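**Student:** have a look at this fold, sequence not included:
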């Protein structure tokens, strides 16, 4: 009989894949781009806006600095893309920043980068989904009371799609991603064309004045304002490293295809970000953190929201009620939600590598039915959903925790690449090769300094607004990973067989059969215990009811059972404690002997029947596992209800898919 859980699982995930079909799940570049690059591509929807939000704190006088700040972001994005192109080719195993830093700077910086990336992936899911839901609620305000539920619903949808495997999620996410990119590029082309022919688009906020929060800034204050705007605009770089962590998911040649995909991502991101920033300046778009700071705003600034920058530009270029305007708004909301998919691919791959290195639980290295790293996907969804619930689905509150982790990894990764090139330079033999290494090292050194400055600015400007949580979370996660690694190392050392170890056989084996009544299950347990040919064999029962014990003793004599029955008294009606005390006494008298416990158990066909049977044996087994020199054997007896289970259907058990084991057909 197929259980309802199995039916739902197959409907959501589809049928399981064999391990030898892993190659079929690898990605071509056209699907890898929307899967791994949806986060940096979607940042166009808010990166320019983040720059303007900070600059307008000083009033309209500082908006003219936006192109310079945007130019610095473009330079940084180009440097990061060039740097990570080298990473994917030098380290194609998929470790990305973690592998680069661990190999070149040591295990501690490597774990810092890994922790920073794991935190950032979680924040990517939470922030991207919350931002997308914000756009949906802006269009349909009546949905606001259900904000958290909608957020969690989207996370559940993304989780299900990624559990189905990378190709399925790529097909689902490719259309919205490419639709958004096409819409933005068309908007940029039409808007710049209008400006070129003397009909420049004008934003609805172009005639607003701004009530500046900071007036008469000094030179140092202006510099700090610009740096803060630059750090906010660097949200355009979030997720740029995901391709370097996802190289194993590409088709061969993996490193080359990953590098080309990264180049395409960088070119498209730079084109869209530059175009949106240029149109924002041409159309004189105004946006502030507090709507009431917009002088001339026509609605109620306390309740009516201001349009986003990309919405104002689209309305200025195409008209606020045009089909193209609504097309852009729908695709923007979709890609903001789907941008979380970058983390759904980066987090499981990175956690799998960490698990392989014994820094995370080994279960995270196991592939599920659809050859995806299912445990990592589920862990990411649970943590991101908890954050959404804790912060009430507020993107404004969540974004304060963002980008600290990604710039930590950027800085350390590029510093690690500098050391990598130093080693390569020592072995280079030709002038051309040395020149190439010098150029690569200069790019990585410049990028490390650049991202380091951004990291410092982000830490200073966002620490008191919530970034302190990430600052504390990263070292705590590093400590946790070290603890896991220390545990695995100690267990391996404890179980390792040294050359001088001798194989010592037990002196004798004492078999004990636990019985509560003379039944078919008890008889089978006795017969099985006899078949093992122990040195001694005894049946024991615990006297919790005198009448039942007398009945068992009478049955034992009437059936002429050939092994002795020992009754253990239990004045307090316990079962587990008297049995343990008896076994401990036996072990204490003969410490080199082994005690083998045989426990009859019922096999049932329904989950609720387990509540009615085997409870005492389960508790006893749980305690016996901690007793040295004691072996526990369960002797099953199948009740009639177990015959209703459909054993003709081949089932995959945990680990079989990963190991390439085909589920065996049931016996006749």
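**Tutor:** All right, it came through fine. Given the structure is predicted, the values throughout are model-derived calculations rather than measurements.
**Student:** can you tell me the centre-most residue of this protein?
**Tutor:** Centrality entry for the chain: nearest residue to the mean C-alpha point is residue 380, 3.3 Å, by Cα atoms, centre = their mean.
**Student:** can you point out the buried residues in the helix or strand hosting that one?
**Tutor:** Element membership for residue 380 (DSSP states H and E) is helix 374-390. Of all the residues in helix 374-390, those buried under the rule 16 or more other Cβ atoms under 10 Å are 374-381, 383-385, 387-388. Every residue, glycine included, has its C-beta placed from N, CA and C.
**Student:** repeat for stretch 195-202
**Tutor:** In stretch 195-202, counting by 16+ other Cβ under 10 Å, buried: 195, 200, 201.
**Student:** which other residues reach it?
**Tutor:** Around stretch 195-202, the neighbours that count as contacts under Cβ atoms under 8 Å, 6 or more residues apart in numbering are 191, 194, 279, 282, 283, 284, 313, 316, 317.
**Student:** wait, which of those is closest to residue 506?
**Tutor:** Using Cβ to Cβ, the shortest approach to residue 506 within the contacts of stretch 195-202 belongs to residue 313, at 80.3 Å.
**Student:** burial of the closest one, as a residue count?
**Tutor:** Residue 313 has 27 neighbouring residues, counting by other Cβ atoms under 10 Å.
**Student:** now residue 599, what's its secondary structure?
**Tutor:** When classified by DSSP: H, G, I helix; E, B strand; the rest coil, residue 599 comes out as strand.
**Student:** quick one, what contacts it?
**Tutor:** By Cβ under 8 Å, 6+ apart, residue 599 lies in contact with 514, 525, 617, 620, 621, 632, 633, 634, 635.
**Student:** from what I see, the first one and residue 541 are in contact.
**Tutor:** Yes. Under the contact definition of Cβ atoms under 8 Å, residue 514 touches residue 541, with a separation of 7.5 Å.
**Student:** and the two? Which one has more around it.
**Tutor:** Neighbour count, other Cβ under 10 Å: between residue 514 and residue 541, residue 541 has more, with 24 against 20.
**Student:** tell me the phi and psi of the more buried one?
**Tutor:** Reported as degrees, to the nearest 10, the phi and psi values for residue 541 are phi -140, psi 150.
**Student:** that one and residue 218, how far apart?
**Tutor:** Using Cβ to Cβ, to the nearest Å, one gets 89 Å for the distance from residue 541 to residue 218.
**Student:** if we can go back for a sec, what does the helix holding residue 380 rub up against?
**Tutor:** Residues contacting helix 374-390 (Cβ under 8 Å, 6+ apart): 121-123, 125-126, 129-130, 148, 151-152, 155-156, 158-159, 162-163, 340, 343-344, 347-349, 351-352, 363-364, 366-368, 398.
**Student:** which of these are buried?
**Tutor:** Of the contacts of helix 374-390, these count as buried by 16+ other Cβ under 10 Å: 121-123, 125-126, 129-130, 148, 151-152, 155, 158-159, 162-163, 340, 343-344, 347-349, 351-352, 364, 366-368, 398.
**Student:** out of those residues, which are inside helices?
**Tutor:** 121-123, 125-126, 129-130, 148, 151-152, 155, 158-159, 162-163, 340, 343-344, 347-349, 351-352, 398 (DSSP state H).
**Student:** list the buried residues for the helix or strand containing residue 632?
**Tutor:** Assigned by DSSP H and E, residue 632 falls within strand 630-638. For strand 630-638, a neighbour-count test (16+ other Cβ under 10 Å) marks 630, 632, 635, 637 as buried.
**Student:** that one: partners in the sheet, and parallel or antiparallel?
**Tutor:** When sheet partners are counted by DSSP bridges, strand 630-638 sits next to strand 594-603 (parallel).
**Student:** which helices and strands sit right next to the helix or strand just after the partner strand?
**Tutor:** Once the chain leaves strand 594-603, the next helix or strand it forms, by DSSP H and E, is helix 607-610. Here helix 607-610 touches no other helix or strand, going by 3 or more Cβ pairs under 8 Å, 6 or more residues apart in numbering; DSSP states H and E.
**Student:** distance between helix 607-610 and the chain's centre?
**Tutor:** 34 Å (Cα atoms, centre = their mean, to the nearest Å).
**Student:** same deal with stretch 100-116?
**Tutor:** 18 Å.
**Student:** check stretch 498-512 too.
**Tutor:** Using Cα atoms, centre = their mean, the offset of stretch 498-512 from its chain centre is 44 Å.
**Student:** for that stretch, the averaged confidence score.
**Tutor:** The average pLDDT within stretch 498-512 is 77.
**Student:** ok, now stretch 522-530?
**Tutor:** Here the average pLDDT along stretch 522-530 is 92.
**Student:** buried stuff in it?
**Tutor:** Quick answer for stretch 522-530 (16+ other Cβ under 10 Å): 522, 523, 525, 526, 529.
**Student:** do the same with stretch 591-601
**Tutor:** In stretch 591-601, counting by 16+ other Cβ under 10 Å, buried: 593, 594, 595, 596, 597, 598, 599, 600, 601.
**Student:** for residue 144, which non-adjacent residue is closest in space?
**Tutor:** residue 137 (5.2 Å; Cβ to Cβ, 6 or more residues apart in numbering).
**Student:** which ones are touching that neighbour?
**Tutor:** Here residue 137 is in contact with 143, 144, 147, 150 (Cβ under 8 Å, 6+ apart).
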